[in-house]
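**Student:** coords please:
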Amino acid sequence: MSTINKKLLNEILTLPADIRGKLIEKLIESLNVPIDEEIDKLWVDEVNNRVKAIHSGKVSPVDGEEVIAAIRERLTK
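**Tutor:** Sure, this is the predicted structure:
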């Protein structure tokens, strides 16, 4: 990666999360990849189902770092 690219990336990473999110959306749009609205709808449904499961107590969220540590432990055995 060139020096200017590294500098740009470092500057982007200092932006607030909401701005970075908007930037990601714009970059994805610029790729001209066709959007499959059915897949988007299925993902929204999945997210809503997971949120309901958490709020109802059916499942408990687990910290991502704990999950990664557990996976690493399994892989080293």
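**Student:** Show me which helix runs longest in the chain.
**Tutor:** helix 37-56 (DSSP state H).
**Student:** residues making contact with that one?
**Tutor:** Applying CB atoms under 8 Å, 6 or more residues apart in numbering, the contact partners of helix 37-56 are Val59, Ser60, Pro61. Where C-beta positions appear, they are placed from N, C-alpha and C, glycine not excepted.
**Student:** between the residues you listed, which is nearest Leu15?
**Tutor:** Pro61 (26.7 Å; CB to CB).
**Student:** Look at the closest one and give its secondary structure.
**Tutor:** The three-state assignment at Pro61 reads coil, by DSSP: H, G, I helix; E, B strand; the rest coil.
**Student:** One more: Glu73?
**Tutor:** Under three-state DSSP, Glu73 comes out as helix.
**Student:** What is the neighbour count of it?
**Tutor:** For Glu73, the neighbour count with other CB atoms under 10 Å is 9.
**Student:** State the phi and psi torsions of Ser2.
**Tutor:** phi -70, psi 160 (degrees, to the nearest 10).
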